[in-house]
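>>> fold the following and give me the result.
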Amino acid sequence: MPQTGSPIPTAIKLHQKSQQLEVAFPGNTYLLPYEYLRVFSPSAEVRGHGNQQMTLIGGKKNVQITNIEAVGRYAIKLTFDDGHDSGLYTWQTLLELGQNYSSNWQQYLHRLEAAGLTRSSDTAVKTFNPKYSD
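Presented below is the predicted three-dimensional model:
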């Protein structure tokens, strides 16, 4: 369901060559890398249940989005070439991912390094508890 006062994107475009999803909101446009969208998926598989744990995923540097579909008037569903297709990217989620990209990405890179994972070749998955992370 849409949240009261949630911003609505004016445009959403896939850029396959640069592997980015462009999401335009009134006053701001965000270019969100596919890898970022995959590793910060709003799915329970990645976020855990009740935000108690989050799964750290490596090896997604070259992940592709193979499908995008509207879900009502409040979200999109992305399908990735690694088979991941759960989690709805609400307008609010996309806005927050855009606004927090820099800090989210730096934290992700730090967590990957600390866990001994890489962006490109390691497909291992680790679970961590955010209250014990930096």
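
>>> elements contacting the lengthiest helix in the chain?
The residue-count maximum for a helix in the chain (DSSP state H) belongs to helix 101-115. Counting by 3 or more Cβ pairs under 8 Å, 6 or more residues apart in numbering; DSSP states H and E, the packing neighbours recorded for helix 101-115 are helix 34-39, strand 54-57, strand 125-128. Yep, even glycine has a C-beta here, placed from its N, CA and C like the rest.

>>> make TSV from the ones you listed and add mean pLDDT, mean neighbour count and distance to G72 to it.
Listed next are those as TSV, based on pLDDT from 0 to 100; neighbours: other Cβ atoms under 10 Å; distance: least, Cβ to Cβ, whole Å:
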stretch	mean pLDDT	mean neighbour count	distance to G72
helix 34-39	96	23	19
strand 54-57	86	20	26
strand 125-128	49	14	30
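
>>> to L88, which of the ones you listed lies closest?
helix 34-39 (12.3 Å; Cβ to Cβ).

>>> got the CA coordinates for the closest one in CSV?
What follows is helix 34-39, C-alpha atoms only, in CSV (Å, rounded to 0.1, in the frame of the first residue of the first chain):
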residue,chain,number,x,y,z
TYR,A,34,22.0,-2.9,-10.3
GLU,A,35,24.4,-4.4,-7.9
TYR,A,36,23.4,-1.9,-5.2
LEU,A,37,19.7,-2.6,-5.8
ARG,A,38,20.4,-6.4,-5.6
VAL,A,39,22.4,-6.3,-2.4
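
>>> kind regards, and thank you for your time.
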